[in-house]
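> Could you work out the structure for the sequence below:
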Amino acid sequence: MKAWLLALLFVLAGCGVGVTETTGVSISAPPPPGGFNDTDVMFLQMAVPQHEQGIEMARLAEKRADRKEVRDLATAIRLTQADEVEAMKKWLVAWEQPIAPDLDPNAHTAHGGMHGTDPAVLQMLRDTPAGPEFDNRFLNLLTGHQHGAVELARMEEKDGLNSDTRALATRIVQSRTAQIQQIGTYL
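Next comes the predicted model:
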């Protein structure tokens, strides 16, 4: 490590300027324009795997759903969430943050835990054959899954700093709420 960098770290440490482990953003200095905070990072890190689960569920429904409107909904969800995942990963990379969330369950207790669908429940959907039973199982599972996305996005709307991630959160709340209402007409 270069001596000047080491000296700078000692100076900063002595000035009481804390740096968070998650983002490296100073917690006592205002964020730079277009900056981000821990909530923005946590939202993206948790939303990526939640979206990836939604994409997996949608792919299954595109192949196995009995009703055309369910297959059409699944296609729309897959396309939307794939675009959102791509944007979220780009933001995390640009911010030099890991894409994967902390897998320690204790790291997520303050904000309600991880917001994905239980892997055992996803496996049950994978094991469900095509037809009307699949449609009902998919729609019920998707309703709960989208509720989780709304809860996660509302945390970002409330505590996030970055305008892009907050705008994404608002779109997620609006679109997933509309999807839940649409699903209600299918059940």
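> Ramachandran coordinates for the residue minimising distance to the centre of the chain?
Closest to where the C-alpha atoms of the chain average out (CA atoms, centre = their mean) is A47, at 0.7 Å. Main-chain torsions, A47, degrees, to the nearest 10: phi -70, psi -30.
> Check whether it really touches A149, as I assumed.
Yes - at 7.3 Å, A47 counts as touching A149 under the criterion of CB atoms under 8 Å. Glycine gets a C-beta too; all of them are placed from N, C-alpha and C.
> how much space between L161 and T39?
Separation of L161 from T39 (CB to CB, to the nearest Å): 7 Å.
> And these two? Which one has more around it.
T39 (22 against 16; other CB atoms under 10 Å).
> What is the helix or strand encompassing the more buried one packed up against?
Using DSSP states H and E, T39 sits in helix 38-64. Packing partners of helix 38-64 (3 or more CB pairs under 8 Å, 6 or more residues apart in numbering; DSSP states H and E): helix 68-94, helix 119-126, helix 132-159, helix 163-186.
> which parts of that helix are buried?
38-51, 53-55, 57-58, 60-62, 64 (16 or more other CB atoms under 10 Å).
> Repeat that for stretch 153-169.
153, 155-157, 160-162, 165-166, 168-169.
> can you give me the end-to-end distance of that stretch?
5 Å (CA to CA, to the nearest Å).
> which of the helices and strands packed on helix 38-64 has the lowest average pLDDT?
Lowest mean pLDDT within the helices and strands packed on helix 38-64: helix 119-126, at a mean of 90.
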